[in-house]
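In: Here you go, sequence then predicted model.
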Amino acid sequence: MCGIAGLIHRGASSNVGGEMTAMLQALKHRGPDSTGYAVYGEGSEGDYIMRLKVAEAEDMGSGSRIHGIIEDRIAAVEAILGEHGASVKAKEAPTEYSLRYILSHDGDTARMANHIEETEGVEILSMGNGLELIKDLGDASDVAGLYGLNDFQGTHGIGHTRMATESDVDIRSAHPYWAFPYNDISVVHNGQITNYWIMRREMERKGHRFMSNCDSELLAVYTAHNLANGVALEDSLRRSIDEIDGVFTYLVATKDQLGMAKDTMAAKPLVLYESDNLIAMASEEVAIRAILPQEIDTYDPYDEEVRVWQA
Amino acid sequence: MASVTDAELKEMTQEERVKALGMTTEQLTGKSMYIEFDPDATERFEYPWAPSVDFNKRTEVDCDGKTTTEVNNQIRALMAEGYGTIVLQNPRGMHSLGVGILSKLNLIIDGSTGYFSTGLIDGPNVRITGRVGWSCGENMMAGTVVVEKNAGSTFGAAIRGGDLVCRGSVGSRTGIDMKGGTILVGGDTGALSGFMMQRGRMVVCGNAGKNLGDSMYDGTIYVGGEIQSCGVDAVEAELTDLDKAWLTRKLTQYGLMPDKGVDHFTKIVAGKQLWNYDNLEPNEKKLIL
């Protein structure tokens, strides 16, 4: 079933970490398996925030050898960073298997990202100037607590509570997806894509990589492909309604934009609230009301509706 | 029904009633909890077991911090005490509020609700001052529900009776599978409204999305604005004086009468091209021949 949520503050920063946690916690009944966030903070030019995982949460129970393996993988990643001339300005490890780096780098980040992922078991969850992509098993309060998200300041964010139907309960199949290797683009999705394999093969032929068998990853790759070819976000969303089959409502966030698209059947829910300084959307109104308890006007977007908001 | 008297039914618990009415037997006997009321009847407009409530007795329920079950149980407890007007405060998008009320009641929900609000009802008059989520008034049998703001998709799915009114716009698949009653929408409706409709009337004062009335068996849809497209076997019919009189009466009753009257409404009915009920399947034909 899955729950999705997004919000964007116009021209102002706010505690989007805490707000997204409240919204996603209200959607827990739509998906208790895993929770994910893509939140956008104030990045500084030239610096990249890279979040990656070097093992799955379930690997941690596979025996004591995993600790050594993780150390080896981290060392390998840092060696590659050095090789590409990226200097590590800060490093954090919220859990043993997930890391957050702040890098200064002025080379080809896509090449570096590809190189890093050649290391076995390593997946870059996100890279960008403002994007922080966090996903793990458990509900929103678990994940926010583990990764210290409750005080995160930013302009916008999207999030997802997952009920696994098409693929496994693990971090690699959890949302949001980063549009590898393009900076600051992330996607959350509620629905099923029925021409997944056709589209995936088409994207693979064009040289894109897939890390999971989750159909939602396709939307991230598809969006990345379009944006990299100079298509505007709104046009990419509109094009997806024709090119992608199935039932879906999905949200895309970029460094300064938030977009939504709903399929031709309008089979997956979304409730929208718009005001001058805040736009909030979620699968159910109860999530919006978690951050806006006062009486508000909301509505459901119709079939084939596409919207894009600017931060 | 013949073997059980009203007085006996009134004394029973819900579980006993279900058994007495034959709903747990292995064979389907055609009995149900649903009792057809005689249109000429002068008394007994309620189920025998309905609590007797006084509309002038009013109370409020604060939904904050309560679960859906707690709120719905509290409504029942208050009705048993004779309260006939109940106001729910601070619903804040809660799901399934006010479902399954089978007797008269004046229910006011002061705010917005989530999915399935006031579904499966038979009799109460409901007013919702905010917005409702998906499937409001699903399967309602009788009564009225008036929503002041917008509504989500599948508004009035499978309703059998009563008036379901939304002053704002509704989502997709409005009145899907409706089997009776009336749905009134002040604004627009989304795609596939009236999908597989079987009976009843739907009135949309604004525009309708694509595939309106797709595969409808019967029933009537009136649209005041533009229709993006009609579905399979949904055809336009002539708006008669009887239709206009009914529309005028119904829309005036709920204060939804458009300024330009009702003459501009488009009437959509089933083309009956999909009515193949008596046709045999190919393999059945072989058996007979």
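Out: Nice, thanks for sending it over.

In: drop to CA atoms for contacts and neighbour counts, all remaining ones
Out: Noted.

In: Give me the contacts around stretch A:86-96.
Out: Stretch A:86-96 is contacted by residues A:70, A:81, A:99, A:100, A:101, A:102, A:103, A:104, A:105, A:106, A:146, A:147 when judged by C-alpha atoms under 8 Å, 6 or more residues apart in numbering or on different chains.

In: which one in those is the model shakiest on?
Out: Minimum pLDDT across the contacts of stretch A:86-96 is recorded for residue A:106, with 85.

In: Spatially nearest residue to it, not counting backbone neighbours?
Out: Closest residue to residue A:106 apart from its sequence neighbours, by C-alpha to C-alpha, 6 or more residues apart in numbering or on different chains: residue A:46 at 6.8 Å.

In: burial measure for the residue in chain B that chain A sits nearest to, as a count.
Out: Distance from chain A to each residue of chain B (C-alpha to the nearest C-alpha) is smallest for residue B:93, at 4.4 Å. A count of nearby residues for residue B:93, using other C-alpha atoms under 10 Å in any protein chain shown, gives 25.

In: now residue B:135
Out: Neighbours around residue B:135, by other C-alpha under 10 Å: 27.

In: got it, and residue A:237?
Out: The tally of other residues near residue A:237 (other C-alpha under 10 Å) stands at 27.

In: unless I'm mixing things up, it is touching residue A:258, no?
Out: No: here residue A:237 does not reach residue A:258: they are 11.1 Å apart, not a contact under C-alpha atoms under 8 Å.

In: Residue numbers of chain B in contact with chain A?
Out: Within chain B, the residues that sit near chain A (C-alpha under 8 Å from any C-alpha of the partner chain) are B:92-94, B:111-114, B:130-131, B:133, B:149-153, B:170-172, B:190-191.

In: For the contacts of stretch A:86-96, work out which two are farthest apart.
Out: Spanning the widest gap among those are A:106 and A:146, at 31.4 Å by C-alpha to C-alpha.

In: residues in contact with residue A:119?
Out: Per C-alpha under 8 Å, 6+ apart, neighbours of residue A:119: A:73, A:76, A:77.

In: Report pLDDT for it.
Out: With respect to pLDDT, residue A:119 scores 92.

In: so who does whichever residue of the stretch 151-300 of chain A sits closest to chain B touch?
Out: Here the residue of the stretch 151-300 of chain A nearest chain B is residue A:286; by C-alpha to the nearest C-alpha that distance is 4.4 Å. Contacts for residue A:286 (C-alpha under 8 Å, 6+ apart) come out as A:26, A:27, B:92, B:93, B:94, B:114.

In: Apart from its chain neighbours, what residue comes closest to residue B:99?
Out: Nearest one to residue B:99, counting by C-alpha to C-alpha, 6+ apart, is residue B:118 at 4.3 Å.

In: doesn't residue B:137 make contact with the one you found?
Out: Yes: Residue B:118 is within contact range of residue B:137, at 5.2 Å (criterion: C-alpha under 8 Å).

In: which neighbours do the two share?
Out: Residues touching both residue B:118 and residue B:137 (C-alpha under 8 Å, 6+ apart): residue B:145.

In: how far is stretch B:74-88 from where the chain is centred?
Out: Put simply, stretch B:74-88 sits 22 Å off its chain's centre (C-alpha atoms, centre = their mean, to the nearest Å).

In: Check the average confidence over it, would you?
Out: Mean predicted confidence for stretch B:74-88 is 97.

In: what about it, how long is it end to end?
Out: End-to-end distance for stretch B:74-88, by C-alpha to C-alpha, to the nearest Å: 10 Å.

In: now swap in stretch B:272-280 and tell me
Out: So stretch B:272-280: terminal residues 17 Å apart, C-alpha to C-alpha.

In: cool, stretch A:137-157 as well?
Out: 19 Å.

In: picking up where we left off before, just the C-alpha atoms of the one helix or strand the residue of the stretch 151-300 of chain A closest to chain B maps to, please, in PDB.
Out: Per DSSP states H and E, residue A:286 falls inside helix A:285-291. The C-alpha trace of helix A:285-291 is given here as PDB (Å, rounded to 0.1, in the frame of the first residue of the first chain):
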ATOM      1  CA  GLU A 285      -5.000  13.900   5.100                       C
ATOM      2  CA  VAL A 286      -4.200  12.600   8.600                       C
ATOM      3  CA  ALA A 287      -0.500  13.100   7.700                       C
ATOM      4  CA  ILE A 288      -1.000  16.800   6.700                       C
ATOM      5  CA  ARG A 289      -3.000  17.400   9.800                       C
ATOM      6  CA  ALA A 290      -0.100  16.000  11.900                       C
ATOM      7  CA  ILE A 291       1.800  19.300  11.100                       C
END
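
In: I'm done for today, thanks for sticking with me.
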